[in-house]
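*Asks:* no FASTA, just this:
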């Protein structure tokens, strides 16, 4: 199996408070990996380590272990964070388009990469919006403000914006938490399409969502990785008692 | 156990009566304040409005707004009629009728003509100082909120800025006088004799001379800007901090640099808040007298700031009149009489209107921006 990301014995601290304890997992390429667990279990922290967006939080740092993406340790001091984040895209819990037009939102990452060719920009915007299943909704109002879209559309716009970079890995931090069930369904369908092109890691509170749309599932609790297995196996036949209690709803 | 007794209102009770008294005291005090405010504004409007408004179209006394300030001459004609004429018309009259046609002549400085000079000066001072203060203040706020790590030093810097807000304005006036008027460096061909230090710039024949900007529009703007910097910095920092973290994350996660992130996803959303702070600053700057007394303002000036200059930049090195200083001059430096009232209350009334217009236009701007940037 081809592993996109290898996490080995990762320890992570916010100041003096340890948030991750000895997490090791191999995340397969071009599949959907779900991270589940109760609030504060470290699943978002783990996700945010992968593109090092946690770096901006004062005192947050890795205290042990390593994260390798295609064999390259991303914690190395000579890693260019701007380049890393172009390869590891991210979609957030609360949809957060920029205060610009729909077109400019998607073209943002190309603009900061100094792509000026109009035809190329148009092509990137169209293909990204198509991939995010949003093109048909917005093709007539590309230059309207992004705030005029519905919540689900705004989140798909954020996905389009993230994949306009053509990253290899797409991180999703509870992408449906602020959406209604229909919009959620659309995003889940979208994830199934996207995994043909991108390795996807999704943090979710919703266990049904994890079982519906992921290939692998990791259950985390109190900063530790409790169990990591194929989604079917983990939900039907959990090996660890805590996992079973969590997915059957005995706690959490 | 619920009975009628436990639920029904008691007809009389000591607690209830006392409550009514307390309520009455608070209400009386509130209306007293309202009464004083109405009295104040009423007096100004009552005495000032007749100067500005007229009974015929266009209903506004444009000559008061757009004429230059002049001395007012009051005299009786041979027919016993009492005339009030500004200096220029008075000269005409004397030319036509001769000195002997003037009886009981009295003159009142600054009280005739219009107030275009002070209006223009105040507008220039306000715009200049707000622009200066926004540039430096927002830059500092961006550094403090987006770049600086929390440390004892940065906390001390914040405290110092906050304390600056409490410094009396006359202190800023003296500071501006000793620094901007007398000491800041300029490049000049021939340094003044009072120059603190003149460094020759070899090859150009010029000197970098620490002799200040003299009393000028620029010195006044700089002094006023210093005065409102703390307000602008503090409010802008708060406004930057209130932008949701997610906006910054979104941009950073796309591989943008800090500055790209601030420019596209932080500043646009904090602009309404920054504008609010500059709104408060505008009214404060426009109304201050003490900081401009030694640094920019003159009581009388024949030319408007943009008149009689050879290049547009000289506007910054010229002195200006200003409304608050003009009002001070009218009220305290010339003898009061029934003939000076027109100019006094007219100026005050126009001044209030001007401040109100500036405030309302920035409020309007802010509301428009807010509507556009909702999240």
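*Replies:* Yep, it's here. Just so it is clear, the model here is predicted, and its values are computed rather than measured.

*Asks:* Get me the contact residues on the stretch 1-150 of chain A for chain B.
*Replies:* Within reach of chain B by CB under 8 Å from any CB of the partner chain, the stretch 1-150 of chain A has these residues: A:51, A:53, A:56, A:58, A:82-86, A:89-90, A:92-94, A:96, A:98-100, A:108-109, A:112-113, A:145, A:147. C-betas here are computed from N, CA, C, even on glycine.

*Asks:* all helices for chain A, in order.
*Replies:* Secondary structure of chain A (DSSP state H): helices at A:43-50, A:81-87, A:102-112, A:118-131, A:135-138, A:151-163, A:181-194, A:207-213, A:231-236, A:241-248.

*Asks:* circling back: using ChimeraX, define a selection of the buried residues within the residues of the stretch 1-150 of chain A next to chain B.
*Replies:* ChimeraX command restricting the residues of the stretch 1-150 of chain A next to chain B to the buried ones, with burial defined by 16 or more other CB atoms under 10 Å in any protein chain shown:
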select /A:51,53,84,85,86,89,90,92,93,94,96,98,99,100,108,109,112,145
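
*Asks:* how about the helices in the stretch 51-200 of chain B?
*Replies:* Along the stretch 51-200 of chain B, counting by DSSP state H, counting those that start in this stretch, helices occupy B:62-66, B:87-97, B:116-142, B:152-164, B:169-176.

*Asks:* Among the ones you listed, show me which one is buried the most.
*Replies:* Using mean count of other CB atoms under 10 Å in any protein chain shown, the stretch among the helices of the stretch 51-200 of chain B with the largest mean neighbour count is helix B:116-142, at a mean of 22.

*Asks:* Tell me the helices and strands packed up against that helix.
*Replies:* With contacts defined as 3 or more CB pairs under 8 Å, 6 or more residues apart in numbering or on different chains; DSSP states H and E, helix B:116-142 has these neighbours: helix B:62-66, strand B:69-76, helix B:217-241, helix B:267-287, helix B:323-328, helix B:341-372.

*Asks:* Any buried residues in the third one, and which?
*Replies:* Pointing back at helix B:217-241 there. Buried residues in helix B:217-241 (16+ other CB under 10 Å): B:217-240.

*Asks:* downstream neighbour of it in the secondary structure list?
*Replies:* helix B:245-253 (DSSP states H and E).

*Asks:* Residue A:239: which of the helices of the stretch 51-200 of chain B is closest?
*Replies:* Closest to residue A:239 of those, according to CB to CB: helix B:152-164, at 50.2 Å.

*Asks:* Tell me which other helices or strands that closest one touches.
*Replies:* helix B:217-241.

*Asks:* how many other residues sit next to the closest residue to residue B:238 other than its chain neighbours?
*Replies:* Residue nearest to residue B:238 in three dimensions, not counting chain neighbours: residue B:273, with 6.9 Å by CB to CB, 6 or more residues apart in numbering or on different chains. The tally of other residues near residue B:273 (other CB atoms under 10 Å in any protein chain shown) stands at 21.

*Asks:* can I assume residue B:273 is in contact with residue B:239?
*Replies:* Yes - because the distance of 2.6 Å satisfies CB atoms under 8 Å, residue B:273 is recorded as touching residue B:239.

*Asks:* Could you pick out the residues of the stretch 151-300 of chain B near chain A for me?
*Replies:* Checking the stretch 151-300 of chain B against chain A by CB under 8 Å from any CB, the hits are B:244, B:246-257, B:260, B:264-265, B:268-269.

*Asks:* at 7 Å what do you get?
*Replies:* Within the stretch 151-300 of chain B, the positions near chain A by CB under 7 Å from any CB of the partner chain are B:246-247, B:249-250, B:252-257, B:260, B:264-265, B:268-269.

*Asks:* quick one: contacts for residue B:274?
*Replies:* By CB atoms under 7 Å, 6 or more residues apart in numbering or on different chains, the contact set of residue B:274 is B:138, B:236, B:239.

*Asks:* Surely the second one is in contact with residue B:139?
*Replies:* Put plainly, it is residue B:236. No - Residue B:236 lies out of contact with residue B:139 (CB atoms under 7 Å); the separation is 9.4 Å.

*Asks:* Could you check how far residue A:30 is from chain B?
*Replies:* Residue A:30 sits 21 Å away from chain B when distances are taken as CB to the nearest CB, to the nearest Å.

*Asks:* is residue A:72 in a bridge, and if so with what?
*Replies:* Listed beta-bridge partners, residue A:72: residue A:69 (assigned using DSSP bridges).

*Asks:* That should have said residue A:216, apologies.
*Replies:* residue A:33, residue A:230.

*Asks:* so it sits right up against residue A:31, yeah?
*Replies:* Yes - applying CB under 7 Å, one finds residue A:216 in contact with residue A:31, separated by 6.3 Å.

*Asks:* list the contacts for residue B:352?
*Replies:* Residues near residue B:352 by CB under 7 Å, 6+ apart: residue B:44.

*Asks:* Spatially central residue in the chain, please.
*Replies:* Let's take chain A. Among the residues of chain A, the one closest to the centroid is residue A:171, at 1.6 Å (CA atoms, centre = their mean).

*Asks:* meant chain B actually
*Replies:* Centre-nearest of chain B using CA atoms, centre = their mean is residue B:286, 1.0 Å out.

*Asks:* got a pLDDT number for that one?
*Replies:* The per-residue pLDDT reported for residue B:286 equals 90.

*Asks:* confidence score at the residue nearest to the centre of chain A?
*Replies:* 95.

*Asks:* cool, residue A:98 as well?
*Replies:* 86.

*Asks:* Quick check: phi and psi on the closest residue to residue B:67 other than its chain neighbours?
*Replies:* Leaving aside its chain neighbours, residue B:67 sits nearest to residue B:114 (3.0 Å; criterion: CB to CB, 6+ apart). Note on residue B:114: its backbone torsions stand at phi -120, psi -170 [degrees, to the nearest 10].
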